[in-house]
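A.B. asks: what's the 3D shape of this:
(2 chains)
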Amino acid sequence: MKKFMNSAGTLAQDSLEGFVAAHGDIVMFGAGRKYVRRRMLSPGKVAIISGGGAGHEPMHTGFVGHGMLDAACTGYVFTSPTPDQIYAAIHETDNGAGTLLIVKNYDGDVMNFEMAAEMAISGGTHRIETIIVNDDIAVERSARGTGRRGVAGTLVVEKIAGAAAQAGATLDQLKVLGDAVVGATLNDGRGLEGHDGAADDARDVSAWPG
Amino acid sequence: MRWRSVSAFTANRAARDKVTDASAIVALICRHILDDFGSLDGQSVLLFVNGLGGTPQSELYLVFGLARAFLEERGVVIARSLVGTYVTSLDMAGISITVTQLDERLTRLWDAPVLTAALRW
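C.D. replies: Now for the predicted structure:
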């Protein structure tokens, strides 16, 4: 056994079960266990939701709580959460002040959060703004068209926007603030060669997406 | 010791860096960030050193010390700092360095109380 898991298919959800059990004073599952939310939502506050693939913990569930996120949606390992999960989080945490989505710049995340936002807006009851985080200059030289990815700078965006929302900022103000923090944040990183599971270049390609 | 870029799913790996010690890789990363910002001379920033899941805290602090010294020598004011394993890629050995330009307002919002599983002050 190389990993503490029962099966690869249930790893992400089994981990979430333990996370919620360990931090039950701060978080709880949303309906259908589709996402993790604050135990206590603040009335009249803009809801802030993020999410992404499992495998990047403690981001994002670890950032759910007072002064940061209201909900986080987790997919399978390195796989984006589904629009259905994200929509459920939007619908159930909206306190009437609107919802700010903080999304890392990956194809799957951007697409699924966008679909969920469209579902929520078309219902006529939700106001949504989205911040796309693209702090990573390590891949700027890439030939890929999607541009810089969102990585560790996402924490900074979520902390600062979360504090402003907690202090009563409006959805429009949070959109401006979040974009400004993205513009003021850059990240670069390196992994170590020869690490288990990344012994050659080709296998390394699974390292970060989602 | 060889380091490689975590620019993971890029097909072109020509940008791979071959450096031999922590000071060199930290200088390379910080130089890259400084160049992208243009100039940060006299600018207050948050310096955040993050572990990717398989690098111990001792090395993260080592990297932070080097990064702080490198940036301060170039006029950057490290107004706030964060070191830890927060944004990972399973158990990948590696680090990332994040720099956020801070003004008075962003500093106040960064300092505001937070109570989450991973961040709390």
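A.B. asks: centroid residue for chain A?
C.D. replies: Computing the C-alpha centroid of chain A and ranking residues by CA atoms, centre = their mean puts residue A:51 first, at 2.3 Å.
A.B. asks: which residues does the closest residue to that one other than its chain neighbours contact?
C.D. replies: Distances taken as CB to CB, 6 or more residues apart in numbering or on different chains put residue A:73 closest to residue A:51, at 3.3 Å, once the chain neighbours are dropped. (Glycine included, C-beta is placed from N, CA and C.) Shown in contact with residue A:73 (CB atoms under 8 Å, 6 or more residues apart in numbering or on different chains): A:34, A:35, A:36, A:49, A:50, A:51, A:52, A:60, A:81, A:85, A:86, A:89.
A.B. asks: just the ones of the residues you listed in strands?
C.D. replies: Among the contacts of residue A:73, the ones falling in strands (DSSP state E) are A:36, A:49, A:50, A:51, A:52.
A.B. asks: and the third one, how close does it get to residue A:189?
C.D. replies: Distance of residue A:50 to residue A:189, given as CB to CB, to the nearest Å: 20 Å.
A.B. asks: those two: which is more packed in?
C.D. replies: Set residue A:50 next to residue A:189 and count neighbours by other CB atoms under 10 Å in any protein chain shown: residue A:50 wins out with 33 against 27.
A.B. asks: any idea what that one is bridged to?
C.D. replies: Beta-bridge pairing of residue A:50 under DSSP bridges involves residue A:72, residue A:102.
A.B. asks: can you pull out the low-pLDDT segments for chain B?
C.D. replies: Low-confidence segments of chain B, defined by pLDDT under 70: B:1-18.
A.B. asks: kindly apply the preceding question to chain A instead.
C.D. replies: Within chain A, the stretches with pLDDT under 70 are A:140-145, A:194-210.
A.B. asks: would you map the helices across it?
C.D. replies: Under the criterion DSSP state H, chain A contains helices at A:11-22, A:83-93, A:107-122, A:153-166, A:171-183.
A.B. asks: next: chain B.
C.D. replies: Under DSSP H, chain B gives helices at B:22-37, B:57-73, B:104-111.
A.B. asks: adding mean neighbour count and distance to residue A:106, write the ones you listed out as CSV.
C.D. replies: Shown next, in CSV, are the helices of chain B (neighbours: other CB atoms under 10 Å in any protein chain shown; distance: least, CB to CB, whole Å):
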stretch, mean neighbour count, distance to residue A:106
helix B:22-37, 18, 20
helix B:57-73, 17, 25
helix B:104-111, 16, 25
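A.B. asks: ok, what's across the strand from the residue nearest the centre of chain B?
C.D. replies: Residue closest to the average C-alpha location in chain B (CA atoms, centre = their mean): residue B:97, at 1.4 Å. Under DSSP bridges, the beta-bridge partners of residue B:97 are residue A:188, residue B:49.
A.B. asks: residues contacting it?
C.D. replies: Each residue near residue B:97 by CB under 8 Å, 6+ apart is listed here: A:187-189, B:26, B:29-30, B:33, B:47-50, B:63, B:67.
A.B. asks: mind running it again at 10 Å?
C.D. replies: A:152, A:186-190, B:25-26, B:29-30, B:32-33, B:47-50, B:63-64, B:66-67, B:70-71 (CB atoms under 10 Å, 6 or more residues apart in numbering or on different chains).
A.B. asks: then residue A:168?
C.D. replies: Applying CB under 10 Å, 6+ apart, the residues near residue A:168 are A:42, A:44, A:45, A:46, A:97.
A.B. asks: returning to what we had before: surely the residue nearest to the centre of chain A meets residue A:81?
C.D. replies: Yes - here residue A:51 lies in contact with residue A:81, judged by CB atoms under 10 Å, at a distance of 4.6 Å.
A.B. asks: which neighbours do the two share?
C.D. replies: A:35, A:60, A:72, A:73, A:74, A:75, A:89, A:109, A:112, A:113, A:116.
A.B. asks: the third one - how many residues pack around it?
C.D. replies: Neighbours of residue A:72 under the rule other CB under 10 Å: 30.
A.B. asks: ok, back up a step: in TSV: the helices of chain B, plus distance to residue A:126.
C.D. replies: Formatted as TSV, these follow (distance: least, CB to CB, whole Å):
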stretch	distance to residue A:126
helix B:22-37	36
helix B:57-73	40
helix B:104-111	25
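A.B. asks: that's all I had, so thanks and see you.
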